[in-house]
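Trainee: Here is my input, please return the structure:
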Amino acid sequence: MLRAFVIRKPADMHFDRACHPESPHQKLHVPDWFVSSLMLDRALDAILRRVKTLDRSHDIPYLAGYSTDGNTIYIDRHLPASFEYRGRAIEVDRFLILHEEVEKTLIDQLGLHYLHAHQIATRAEEAAVRAERISWHAYDRFMQKYVKRIGDERLKKVPDDLDLKPYRDYHDWDLMHRMQQAIDAGRLPRASQTLRREVAAYDAAFREQRRDARRTAGPTTTRQAAPKRRR
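Mentor: Okay, here's the model as predicted:
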């Protein structure tokens, strides 16, 4: 069953296993530097409270993304809000939000390349999943199932302010080409001029890159499709 779209402010967000959604911090009976599930849960809770807008009403390649200004976290509208694991309903939004917030911050504040920021964000996401006593394999299997389904879908509703840097840095020319086709075919009627310019610029850059590669390697060179990226 798909989850209805809701935009929530941080103060209204409630997630299972959030250690203190409303109450003040309690002193832990362990050193502050001690790495524990509770400490990680508190850190995740702090990040969730800083999210200004959660949007689940759009088509988002690779499940989740963020706006260019970082104020909105996007999660694909077709991804269920939870999956069952050993009799428990596991809500996934909190883990996706953690990944996107960490990734966006590392790119914008530290100037990291997307691929480096993505690796660090994935490790943080995995640690948070394991801290909830959830198998990373089971969690990732659930996500991959919807990545394939979403990847095969025609893009019909892409947000105007979706940050395209991850797709550009990942050299996902096929995805950018699909987005350009959707705009040209009128399937993204609300696409902003900024989005149109960015897609066109990335498409031109990829074409030039392939042209240079062919000149360097000779006429037998064929383009290899980028491997699937989860987020």
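
Trainee: This structure: helices as residue ranges?
Mentor: 37-48, 93-110, 114-131, 136-151, 165-169, 173-184, 193-217 (DSSP state H).

Trainee: Looking at the ones you listed, spot the one closest to Leu54.
Mentor: Proximity to Leu54 (CB to CB) singles out helix 93-110 among the helices of the chain, at 6.9 Å. Every C-beta, even on glycine, is put in place using the N, C-alpha and C of the backbone.

Trainee: Next, the angle helix 114-131 makes with that closest one.
Mentor: 150 degrees (axes from the mean of the first three to the mean of the last three CA atoms, to 10 degrees).

Trainee: and helix 93-110 with helix 136-151, angle?
Mentor: Put simply, helix 93-110 runs at 80 degrees to helix 136-151, going by the same axes, to 10 degrees.

Trainee: Can you list the buried residues in helix 93-110?
Mentor: 93-108 (16 or more other CB atoms under 10 Å).

Trainee: Would you mind putting the CA coordinates of that helix into CSV?
Mentor: Extracted C-alpha coordinates of helix 93-110, given in CSV (Å, rounded to 0.1, in the frame of the first residue of the first chain):
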residue,chain,number,x,y,z
ASP,A,93,12.0,7.8,5.7
ARG,A,94,14.3,8.5,8.6
PHE,A,95,17.1,6.5,7.0
LEU,A,96,16.7,8.1,3.6
ILE,A,97,16.6,11.6,5.2
LEU,A,98,19.8,10.8,7.1
HIS,A,99,21.5,9.8,3.8
GLU,A,100,20.4,12.8,1.9
GLU,A,101,21.2,15.3,4.6
VAL,A,102,24.7,14.0,5.2
GLU,A,103,25.4,13.8,1.4
LYS,A,104,24.1,17.4,0.7
THR,A,105,26.0,18.9,3.7
LEU,A,106,29.3,17.2,2.6
ILE,A,107,28.9,18.5,-0.9
ASP,A,108,27.8,22.0,-0.1
GLN,A,109,29.9,22.7,3.1
LEU,A,110,33.1,20.7,2.4
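
Trainee: Just list what it packs against, helices and strands only.
Mentor: Secondary-structure packing of helix 93-110 (3 or more CB pairs under 8 Å, 6 or more residues apart in numbering; DSSP states H and E): helix 37-48, strand 64-66, strand 72-75, helix 114-131.

Trainee: Identify all contacting residues around that helix.
Mentor: Residues outside helix 93-110 that contact it (CB atoms under 8 Å, 6 or more residues apart in numbering): 15, 18, 44, 47-48, 50-51, 54, 63-66, 70, 73, 75, 81, 112-114, 116-118, 120-122, 124-125, 128-129, 139, 163, 165-166, 231.

Trainee: What subset of the residues you listed is buried?
Mentor: Buried members of these, counted by 16+ other CB under 10 Å: 18, 44, 47-48, 51, 54, 63-66, 70, 73, 75, 81, 112, 114, 117-118, 120-122, 124-125, 128-129, 139, 163, 165-166, 231.

Trainee: what's the first-to-last distance across stretch 128-140?
Mentor: Using CA to CA, to the nearest Å, the gap from the first to the last residue of stretch 128-140 comes to 13 Å.

Trainee: what's the average pLDDT for that stretch?
Mentor: What stretch 128-140 shows for mean pLDDT is 94.

Trainee: can you pull the buried residues of that stretch?
Mentor: Buried, per 16+ other CB under 10 Å, within stretch 128-140: Ala128, Val129, Ala131, Glu132, Ile134, Tyr139, Asp140.

Trainee: Give me the contacts around that stretch.
Mentor: 17, 37, 40-41, 44, 83, 85, 90, 92, 94-95, 98, 126, 230.

Trainee: Highest neighbour count among those residues?
Mentor: Among those, Leu44 has the most neighbours (other CB atoms under 10 Å), with 25 neighbours.

Trainee: Thanks again, I'm all set now.
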